[in-house]
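Student: Need coordinates for the below:
(one chain, ligands or ions: 2)
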Amino acid sequence: MTPQITLALSKGRIFDETLPLLAAAGIEVLEDPETSRKLILPTNRPDVRVVLVRATDVPTYVQYGGADIGVAGKDSLLEHGGQGMFRPLDLQIARCRVSVAVRADFDYAQAVRQGARLKVATKYTHIARQFFSAKGVHVDLIKLYGSMELAPLIGMADAIVDLVSTGNTLRANDLVEVEQIMDISSHLVVNQAALKLKQAPLKRIIDAFARAIAQD
Ligand SMILES: Nc1ncnc2c1ncn2[C@@H]1O[C@H](COP(=O)(O)OP(=O)(O)OP(=O)(O)O)[C@@H](O)[C@H]1O
Ligand SMILES: O=P(O)(O)OC[C@H]1O[C@H](OP(=O)(O)OP(=O)(O)O)[C@H](O)[C@@H]1O
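Tutor: Numbering: from 1, shown residues only. Ligands and ions are numbered 1, 2, ... in the order given. Below you'll find the model as predicted:
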């Protein structure tokens, strides 16, 4: 039997933090993504399978129906745009924030006051563009895919827009958080067509997740 429901998850914190919610829905993933090289993981339910994709790709898989349902950070959803999917639940997992950070010796407040043009390195170009434009600050965005913290340290950028949780990564690189742009958590996303065609099984999963969150 080909599984009826395909759930897209990314390895690491989203997978780990979604497991208890899946358990509440009676779904157990039968292989450990950290040890298995498989990209399609079976579950204890013949009608449900999990596909492992990059965190940033979860919205795209759900948009195009590669997965019926998925778990994605609000950051990834905002960068993607969220077309073709519903966002029925904030799962309250993988919580962090998107912030602006600079080198400790860079006077960000003064640069903003003086109307300076800022060079900002980030993976989150949509979020950053919208934030600085609402603030009336002119920016040149430099798109990076990781290790954003390096850019100000080597003089490639004045600031970064990145995720912050404990602040340890910023501290380890002598950077300081100067603006908190928004709080982030991961959301359940559902393909719009799938929600009509597979309404009953999807609704069972969504309702079980909702009950599990309400109990926390
Ligand atoms: N330090 C953190 N603490 C809590 N949540 C985080 C943290 N870093 C990222 N997240 C959240 O978890 C999601 C997945 O992060 P993860 O590190 O697994 O992937 P990524 O490296 O950001 O994405 P990709 O692999 O696609 O480049 C992010 O989109 C964000 O919503
Ligand atoms: O404020 P902190 O707690 O240091 O978390 C912030 C870091 O976490 C994320 O990276 P990544 O997922 O690579 O790091 P992690 O797995 O070590 O949290 C993010 O891109 C930051 O670099």
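
Student: what's the longest helix in this structure?
Tutor: The helix that spans the most residues within the chain, counting by DSSP state H, is helix 199-215.

Student: helices or strands up against it?
Tutor: With contacts taken as 3 or more C-beta pairs under 8 Å, 6 or more residues apart in numbering; DSSP states H and E, helix 199-215 sits against strand 5-9, helix 13-24, strand 69-73, strand 85-103, strand 175-191. For the C-beta atoms, the positions are set from N, CA and C on the backbone; glycine is no exception.

Student: Most tightly packed of the ones you listed?
Tutor: strand 69-73 (a mean of 28; mean count of other C-beta atoms under 10 Å).

Student: Let's test this: mean pLDDT of whichever helix or strand comes after it, rounded?
Tutor: Going down the chain from strand 69-73, the next helix or strand is helix 74-80, by DSSP states H and E. What helix 74-80 shows for mean pLDDT is 98.

Student: can you tell if helix 74-80 touches ligand 2?
Tutor: No. On the criterion C-beta under 6 Å from any ligand atom, helix 74-80 is out of touch with ligand 2, staying 9.4 Å away.

Student: buried sites along the longest helix of the chain?
Tutor: Pro201, Leu202, Ile205, Ile206, Ala208, Phe209, Ala210, Ala212, Ile213 (16 or more other C-beta atoms under 10 Å).

Student: Could you tell me the angle between that helix and strand 175-191?
Tutor: Per axes from the mean of the first three to the mean of the last three C-alpha atoms, to 10 degrees, the angle that helix 199-215 makes with strand 175-191 is 140 degrees.

Student: domain ranges for this structure?
Tutor: With domains defined by automatic domain parsing, the chain comprises 5-95+185-215, 96-183.

Student: Determine whether any part of the first one lies close to ligand 1.
Tutor: Spelled out, it's domain 5-95+185-215. Yes. On the criterion C-beta under 6 Å from any ligand atom, domain 5-95+185-215 is in touch with ligand 1 at 10, 12-14, 54-56, 73, 75-76, 94-95, 186.

Student: what are the bridge partners for the residue sitting nearest the centre point of the chain, then?
Tutor: Centroid-nearest residue in the chain, with C-alpha atoms, centre = their mean: Gly73, separated by 2.3 Å. On the basis of DSSP bridges, Gly73 is bridged to Ser186.

Student: got the contact list for it?
Tutor: Applying C-beta atoms under 8 Å, 6 or more residues apart in numbering to Gly73 gives the contacts Ile14, Ala55, Ala94, Ile184, Ser185, Ser186, His187.

Student: biggest separation within those residues, which pair?
Tutor: The largest separation in the contacts of Gly73, counting by C-beta to C-beta, is between Ala55 and Ser185 at 13.3 Å.

Student: which parts of the protein sit against ligand 2?
Tutor: So the chain meets ligand 2 at Asp162, Leu163, Val164, Ser165, Thr166, Gly167, Asn168, Thr169 (C-beta under 6 Å from any ligand atom).

Student: ok, now with 8 Å
Tutor: For the chain, the residues in contact with ligand 2 (C-beta under 8 Å from any ligand atom) are 12-13, 96, 123, 146, 148-149, 162-172.
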